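[1] after the sequence you'll find the predicted model.
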Amino acid sequence: MKPAIPRSVQISMRQFVAELQLKRVLDRWPIDPTSGKKPDGWPGWPEGKSFALVLTHDVDTATGQENCIKLKDLEQRLGFRSSFNFVPERYDVSAEIFEDLMENGFEIGVHGLNHDGKLYNSRRIFLERAAKINHYLKEWGAVGFRSPSMHHNLEWLHELNIEYDSSTFDTDPFEPYSDGTNTIFPFWVNGPSGQKYLEIPYTLPQDFCLFILLKHKTIDLWKEKLAWVACNGGAVVLNVHPDYLAFHNCPRKAEFYPSSFYSDFLKHLIECYRGQYWMALPKDLTKYLRSTF
Ligand SMILES: [Zn+2]
């Protein structure tokens, strides 16, 4: 067996690589200027709103799960709702947390099966796991999926009983599967037998990338990208991990950032964009586009 590299060393190595990468990708990250074009037949957003806002969370670990209710409360206090994607076979998912989230109008989704990076290793592995993922989708009453580490194979995802997937991004050269969709609009992925699911690319940089890998100490880059997506009428889709959020105290470890970054972002939305955005759970955004697009 290979000796495990300590998490702190792994992060330092990834920070070093990300910094080198940064110089080469600034022409297409955080904004890829080609991704703002509206698709043909685009219906616009409900209630005449100029852009959509979709808040999502991937709960990668048991530690992340422990922070879910604090994160839910933070959003709820400010009037926001979001979806939480849980990993079915990595930690014991909590029935109480599910109940609390659903009672309060939040959404539950499925985040891979066990988050080991092997979901797409072969067609056989994928099919075996797809059967289990379908079981959890049904048990949880979930209609949405996101792959761990944003690995993706949009064709294979037709094996899942989903209404939408959100494992892609308009532009994110720091991801292991770095091919972006080049659009800030959701789009349909048609299957061989007439079925289709909605692909919802995330469009703001992920928290881990921004605050841990690139060590940003402000949310300026989130604000900048938000302004660009809003101006182009797209979907602002954000993925914040409860695993990396430090509530109340100053984060001491390199892999945490203050939860005030996220609450400041939500307050910025209220202060500068009130009335302009359609806040939607991904399942509701999918329902809307199924009837209009
Ligand atoms: Zn994850």
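    Noted; the coordinates are in hand.

[2] hey, let's count contacts and neighbours off CA atoms from now on
    OK.

[3] ok, the one residue in the chain that gets nearest to the ion - contacts?
    Residue nearest to the ion within the chain: P148 (4.2 Å; CA to the ion). Neighbouring residues of P148 by CA atoms under 8 Å, 6 or more residues apart in numbering: 111-112, 115, 117, 167.

[4] what is the end-to-end distance of stretch 178-195?
    27 Å (CA to CA, to the nearest Å).

[5] pLDDT below threshold where in the stretch 151-293 of the chain?
    Within the stretch 151-293 of the chain, the stretches with pLDDT under 70 are 249-252.

[6] quick one, strands of it?
    164-165, 187-190, 196-199, 235-239, 245-246, 257-258, 277-279 (DSSP state E, counting those that start in this stretch).

[7] from memory Q65 sits against P242, does it?
    Yes - with contacts counted by CA atoms under 8 Å, Q65 reaches P242, the gap being 7.1 Å.

[8] those two: which has the busier surroundings?
    Using other CA atoms under 10 Å as the criterion, Q65 and P242 rank with P242 on top: 27 against 24.

[9] so what's that one closest to, chain neighbours aside?
    Excluding the flanking residues, the one nearest P242 by CA to CA, 6 or more residues apart in numbering is G64, at 4.7 Å.

[10] how near is that neighbour to Y197?
    Distance from G64 to Y197, by CA to CA: 28 Å.

[11] rewinding a little: just say helix, strand or coil for the residue nearest to P242.
    Judged by DSSP: H, G, I helix; E, B strand; the rest coil, the three-state class of G64 is helix.

[12] look up how far H158 lies from the most centrally placed residue in the chain.
    Most central in the chain under CA atoms, centre = their mean is N239, positioned 3.4 Å from the mean C-alpha point. Distance of N239 to H158, computed by CA to CA: 23 Å.

[13] over to Y202?
    20 Å.

[14] quick one, which of those two is more surrounded?
    Between Y202 and H158, counted using other CA under 10 Å, the more crowded position is Y202 (28 against 19).

[15] if I pick that one, what's in contact with it?
    166-170, 184, 236-239.

[16] how about a cut-off of 6 Å?
    Applying CA atoms under 6 Å, 6 or more residues apart in numbering to Y202 gives the contacts 169, 237-238.

[17] just to revisit the earlier point, dump the strands of the stretch 151-293 of the chain to a markdown table, plus distance to the ion.
    Output for those, formatted as a markdown table (distance: least, CA to the ion, whole Å):
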| stretch | distance to the ion |
| --- | --- |
| strand 164-165 | 14 |
| strand 187-190 | 22 |
| strand 196-199 | 17 |
| strand 235-239 | 10 |
| strand 245-246 | 14 |
| strand 257-258 | 17 |
| strand 277-279 | 23 |
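
[18] what residues of stretch 38-50 count as buried?
    44-45, 50 (16 or more other CA atoms under 10 Å).

[19] that should have said stretch 69-84, apologies.
    Buried, per 16+ other CA under 10 Å, within stretch 69-84: 69, 71-72, 74-75, 80-84.

[20] coming back round to it: for G64 and Y197, indicate the residue with more neighbours.
    Neighbour count, other CA under 10 Å: between G64 and Y197, Y197 has more, with 23 against 19.

[21] tell me where this protein has helices.
    Using DSSP state H, the helices of the chain run over 7-25, 62-77, 95-103, 123-140, 207, 220-231, 259-273, 282-292.

[22] now, of those, which is deepest in the fold?
    helix 207 (a mean of 24; mean count of other CA atoms under 10 Å).

[23] still on that earlier bit, which one of the buried residues of stretch 69-84 sits closest to P192?
    Nearest to P192 among the buried residues of stretch 69-84: S83, at 28.8 Å, using CA to CA.

[24] give me the nearest residue to that closest one, chain neighbours excluded.
    E107 (4.3 Å).

[25] near the one you found, how many residues? Count them for me, please.
    Neighbours of E107 using other CA under 10 Å come to 23.

[26] check I219 too.
    So I219, with other CA under 10 Å, has 16 neighbours.

[27] gap between the closest residue to it other than its chain neighbours and I270?
    Spatially, and ignoring its direct neighbours in sequence, I219 is nearest to F261 (6.4 Å; CA to CA, 6+ apart). Taking CA to CA as the measure, F261 and I270 are separated by 15 Å.

[28] please consider this matter closed, and thank you.
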